[in-house]
Structures are given as structure tokens and as C-alpha cells.
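# This is the structure alone, sequence omitted:
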């Protein structure tokens, strides 16, 4: 019985004496007990759980420019050309299609890839 008290007192003195080196969340504990196996002394060191304040992490948004394409009609090109001569030698002029009309793809502007705003 005396040995248990002496060990407990030494353990308590050791824990209290080394408390200055512990961090703020650290904790030393010890205990005494009597059970069916007899008298026992226990102790230990534990780190306290202090959750950090929750930080709201918002990803930084970077605009990624993406071109916006539209189909544009290019009209046909007609020119007045001389297609021949009449019986008196005067030129005969007609409107002739030189280049047919077509659609072409052009960039009408830019928008952001993720937030879809115009940039």
C-alpha cells in the first residue's frame, strides 16, 4: 500500500513539474484505483482536441476566354460583263454571278468558360 502511494506521489510530482513544457492543448492525467485485483495507479499524456476555426475556402475564379462563333452570310458577287457583240458590233452587257453566296464562321465575341459572362 505504501509503495502504491509513493509511486502515485512521484508520478503526480513528475506530471505537475513537467506541465510547463506542455502545449496549450496537451494534458497530463493520472488516477488511483482499488479493484478486485488490488490497488493500481495509472497516468498518461494526451493531446486535447481543439478544432481549428472553420475556414471557408472559395476557389479563385479566373476568367477563361472562349470565343463565341456565329454563322454569317456573305452575299453573292455580281458583275456587269461584256458577254458578246450584237450585229452592229456594239457590246452586250449582262449581270453575271462571279462568286456565289456562302456562309462563313466568324467570332462575334468572347465569354467566360465557367461563369458564361461576356468578357
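Structure's in. What do you need? As the structure is a prediction and not an experimental result, all values here were calculated from the model.
# Let me know the secondary structure of the residue of the chain positioned farthest from its centre.
Going by C-alpha atoms, centre = their mean, the residue of the chain most distant from its centre is residue 88, 81.8 Å out. What DSSP: H, G, I helix; E, B strand; the rest coil gives for residue 88 is coil.
# per-residue pLDDT, it?
For residue 88, the model assigns a pLDDT of 90.
# Tell me which residue is most central in this structure.
residue 59 (4.4 Å).
# Could you say which helix or strand holds that one?
Assigned by DSSP states H and E, residue 59 belongs to no helix or strand.
# Show me what counts as buried in stretch 99-114.
For stretch 99-114, a neighbour-count test (16 or more other C-beta atoms under 10 Å) marks residue 111 as buried. Glycine gets a C-beta too; all of them are placed from N, C-alpha and C.
# So which residues make contact with it?
Outside stretch 99-114, the residues that touch it by C-beta atoms under 8 Å, 6 or more residues apart in numbering are 61, 63-77, 117-119.
# List phi and psi for the residue nearest to the centre of the chain.
phi -70, psi 140 (degrees, to the nearest 10).
# Find me the pLDDT at it, would you?
79.
# do you know how far it is from residue 119?
18 Å (C-beta to C-beta, to the nearest Å).
# can you check residue 71 too?
Relative to residue 119, residue 71 is positioned 22 Å away (C-beta to C-beta).
# same thing with residue 64?
9 Å.
# Please apply the same query to residue 34.
Separation of residue 34 from residue 119 (C-beta to C-beta) stands at 77 Å.
# quick revisit: settle it for me: which of residue 71 and residue 119 has more neighbours?
With neighbours defined as other C-beta atoms under 10 Å, residue 71 and residue 119 compare such that residue 119 has more, 12 against 9.
# who's in contact with residue 65?
The neighbourhood of residue 65, defined by C-beta under 8 Å, 6+ apart, consists of 110, 111, 112, 113, 119.
# The chain: strands as residue ranges?
Here the chain has its strands, by DSSP state E, at 26-35, 38-47, 65-74, 77-85, 91-99, 102-112.
# Switch those over to CSV; also include distance to residue 7 and mean pLDDT.
Shown next, in CSV, are the strands of the chain (distance: least, C-beta to C-beta, whole Å; pLDDT from 0 to 100):
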stretch, distance to residue 7, mean pLDDT
strand 26-35, 10, 70
strand 38-47, 5, 72
strand 65-74, 74, 94
strand 77-85, 107, 92
strand 91-99, 105, 92
strand 102-112, 71, 93
